[in-house]
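Asker: pasting the sequence and the predicted model now:
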Amino acid sequence: GVEAPENMPRCINAACSFADFWRGWHSSLNLWTVRYLYIPLGGRAARRWSIWVIFTFVGLWHDLEWRWLAWAWLNALFFSLEI
């Protein structure tokens, strides 16, 4: 069978950074986006650009509405300010 990682393995209130929050929030989604989006987009070498692409994808995945894109772009902004 397929073994999925445990989602939210620790309390999200214990996250010290925005990136740490997202790593713990939805571990299986994080793992999927790293494997199939972040690494093919260039990984660490292109992380500022790939973060915007990934969050745009996640926003569009939720629904084709401007509020989801706004949510995605705000998350990308906060994430990119941190790195």
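Answerer: Now that the structure is in, tell me what you want to look at.

Asker: what ranges do the helices span in this protein?
Answerer: Using DSSP state H, the helices of the chain run over 18-25, 27-33, 47-62, 66-82.

Asker: can you check what angle separates the first one from helix 47-62?
Answerer: Right, helix 18-25. Put simply, helix 18-25 runs at 40 degrees to helix 47-62, going by axes from the mean of the first three to the mean of the last three C-alpha atoms, to 10 degrees.

Asker: could you shift the numbering so residue one becomes 16, and keep it that way?
Answerer: In the new numbering, first residue 16, that becomes helix 33-40.

Asker: please state the mean pLDDT value computed over helix 33-40.
Answerer: Per-residue pLDDT values across helix 33-40 average out to 76.

Asker: hang on, the earlier thing: and of the helices of the chain, who's closest to L56?
Answerer: With distances scored as C-beta to C-beta, the stretch of the helices of the chain nearest to L56 is helix 62-77 (3.9 Å). Every residue, glycine included, has its C-beta placed from N, CA and C.
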